[in-house]
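In: just the structure for this:
(one chain, ligands or ions: 1)
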Amino acid sequence: MIGIFDSGSGGLTVLCALKKAMPTQDFIYLGDHSNAPYGHKSNEDIVRLTLQGIDMLMAHGCKLVILACNTSAAIALRHAQQNWLENTYPGNRILGVLVPMVEAVSGVPWHIDEPSDNSHKDTRTLALFATRKTVESTAYSDELAKRSPNIKLLAKACPGLVDAIEGGAGYAPLNGLVEGFVQEVIAELDGKLPDAVILGCTHFPVVEKLFQAALGENVPIYSQPTIVTESLHDYLKHHPEFTSESTGTVTLLTTSGESAHLLHGGLGEFQSI
Ligand code: DGL
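Out: Alright, predicted model coming up:
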């Protein structure tokens, strides 16, 4: 059983892609809707809530948990892996969504965290759109700098966007927010477009088309559902002990039945825990 954790419904974008690629794999999804969004919380709160979420999923039998939340991955993953997991669930694993993204952007595999001759030649200017906490953590710029030190990364916090998506906002307010953030990036680049964009929040694939429209069709967008799916597929090839092929059950859990709504149809209903 593979567990997927997010502060709310954003991780469903990753779960949908995983489910499509691995139809017989069983998944449990947990959205911490009663505490979402995480993007402006203190580091202490993000660590505590993330560990609580992982604990719930592992208590439900998940031996592998994916933090499908960049904010949790940026702030809590290292602590969870290094200080908590071995004492609490020895033998289990926790993976994030940030490193697969950095690997895809830099073209440097996860186990190599130093630049190759080729990656030195990458001088693109990239824009990262993420939550305030993910931006402040500098996790993306740090990880990218290790692998592709000549990439210039402009990190843009997007306050209010996760809240609007969680709240089921319509086209006009979502488009207004996205256009505003994109225009701020273009202004900071003296009117130029970035060479490519990283959507560093699992809620943002929901509004990927709005980002693409605001950026124009020639700016490539790195988006996590496909990237994380490819990465997990590869990981499971080397770690088949974490697969549980059966009928492909998907269980959706939430810490708050009231606020949980589905961003994508067809997965079932959330159950409160
Ligand atoms: N989906 C989460 C992420 O990837 C959103 C965090 C939040 O709740 O603000 O960062």
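
In: so who does residue 77 touch?
Out: Applying Cβ atoms under 8 Å, 6 or more residues apart in numbering to residue 77 gives the contacts 50, 67, 94, 96, 98. Where C-beta positions appear, they are placed from N, C-alpha and C, glycine not excepted.

In: count of residues packed around the second one?
Out: Spelled out, that is residue 67. 28 (other Cβ atoms under 10 Å).

In: quick check: it touching residue 5?
Out: Yes. Judged on Cβ atoms under 8 Å, residue 67 makes contact with residue 5 at a distance of 5.5 Å.

In: intersection of neighbour lists for these two?
Out: With Cβ under 8 Å, 6+ apart as the test, residue 67 and residue 5 both reach 50, 54.

In: columns pLDDT, secondary structure and distance to residue 231 on top of the contacts of residue 77, output as a markdown table?
Out: Formatted as a markdown table, the contacts of residue 77 follow (pLDDT from 0 to 100; DSSP: H, G, I helix; E, B strand; the rest coil; distance: Cβ to Cβ, whole Å):
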| residue | pLDDT | secondary structure | distance to residue 231 |
| --- | --- | --- | --- |
| 50 | 98 | helix | 20 |
| 67 | 98 | strand | 13 |
| 94 | 98 | strand | 14 |
| 96 | 97 | coil | 10 |
| 98 | 96 | helix | 11 |
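
In: as CSV, these with distance to the ligand would be great.
Out: Listed next are the contacts of residue 77 as CSV, based on distance: Cβ to the nearest ligand atom, whole Å:
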residue, distance to the ligand
50, 11
67, 9
94, 15
96, 10
98, 9
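
In: from these, which single one is nearest residue 221?
Out: Closest to residue 221 out of the contacts of residue 77 is residue 98 (16.4 Å), distances taken as Cβ to Cβ.

In: what about the closest one, distance to residue 155?
Out: Distance of residue 98 to residue 155, given as Cβ to Cβ, to the nearest Å: 13 Å.

In: ok, those two, which is more surrounded?
Out: Taking other Cβ under 10 Å, residue 98 and residue 155 do not tie; residue 98 has more neighbours (26 against 20).

In: and the gap between the residue lying closest to that one once chain neighbours are set aside and residue 217?
Out: Residue nearest to residue 98 in three dimensions, not counting chain neighbours: residue 73, with 4.6 Å by Cβ to Cβ, 6 or more residues apart in numbering. Going from residue 73 to residue 217 by Cβ to Cβ gives 30 Å.

In: likewise for residue 268?
Out: From residue 268 across to residue 217, the span is 35 Å (Cβ to Cβ).

In: phi first, then psi, for residue 149.
Out: phi -70, psi -20 (degrees, to the nearest 10).

In: surely it touches residue 120?
Out: Yes. Between residue 149 and residue 120 there is a contact under Cβ under 8 Å: 6.8 Å.

In: neighbour count: those two, which is higher?
Out: Set residue 149 next to residue 120 and count neighbours by other Cβ under 10 Å: residue 149 wins out with 14 against 11.
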